[in-house]
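Peer 1: when you get a sec, could you give me coordinates for this:
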Amino acid sequence: QVQLVESGGGLVQAGGSLRLSCAASGSIFSINGMGWYRQAPGKQRELVADITSGGSTYYADSVKGRFTISRVNAKNTVYLQMNSLKPEDTAVYYCRVDLIIGGTWKRDDYWGQGTQVTVSS
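Peer 2: This is a model prediction of the structure:
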């Protein structure tokens, strides 16, 4: 059994900052990639940023230079620091974790419950 708990969403004015966190717990043998996705009303879920176990990162063009993804492996936690937020960043943000379950050694993707980020103009 694996659980992902997200926190850090909220309402912020344009130009402000928020920091999201996502902690994985349970029967985890190892974690590979970790990432953040978002879904705005009426739109498809899109990849915002991800980070490999070695620390290599990817960012969507729309957030480059404004968002920073990081992880603390000892805590099985991934963060998304969001600066210079824009109204178009408004969405539900989901974390995704690619991990290997302890005991079964099965590799699978797990998703967080989602956290709302609202940026007012």
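
Peer 1: quick check: which element contains the one residue sitting closest to the centre of the chain?
Peer 2: Nearest to the geometric centre of the chain sits W36, at 2.9 Å (C-alpha atoms, centre = their mean). Under the criterion of DSSP states H and E, W36 resides in strand 28-39.

Peer 1: next helix or strand past that strand?
Peer 2: Counting by DSSP H and E, the element after strand 28-39 in chain order, helix or strand, is strand 46-51.

Peer 1: can you map out the strands along this structure?
Peer 2: 2-7, 10-13, 18-26, 28-39, 46-51, 57-59, 67-72, 77-82, 91-101, 107-111, 115-120 (DSSP state E).

Peer 1: quick one: list the elements packing against the longest one.
Peer 2: In this case it means strand 28-39. Contact here means 3 or more C-beta pairs under 8 Å, 6 or more residues apart in numbering; DSSP states H and E; on that basis strand 28-39 packs against strand 18-26, strand 46-51, strand 67-72, strand 77-82, strand 91-101. To be clear about C-beta, it is placed using only N, CA and C from the backbone, and glycine gets the same treatment.

Peer 1: which of these sits most buried?
Peer 2: Sort those by mean neighbour count, taking mean count of other C-beta atoms under 10 Å, and strand 77-82 sits at the top with a mean of 23.

Peer 1: angle of that one against strand 28-39?
Peer 2: If you take axes from the mean of the first three to the mean of the last three C-alpha atoms, to 10 degrees, strand 77-82 sits at 20 degrees to strand 28-39.

Peer 1: give me the contacts around strand 77-82.
Peer 2: 17-24, 34-36, 48-49, 51, 63, 66-72, 89, 93, 95, 97, 117 (C-beta atoms under 8 Å, 6 or more residues apart in numbering).

Peer 1: same deal with stretch 31-46?
Peer 2: 20, 22, 24, 47-53, 60, 69, 71, 73, 76, 78, 80, 88-100, 107, 114, 117.

Peer 1: that older thread, what about the strand holding W36, distance to the chain center?
Peer 2: The chain centroid and the centroid of strand 28-39 are separated by 7 Å under C-alpha atoms, centre = their mean, to the nearest Å.
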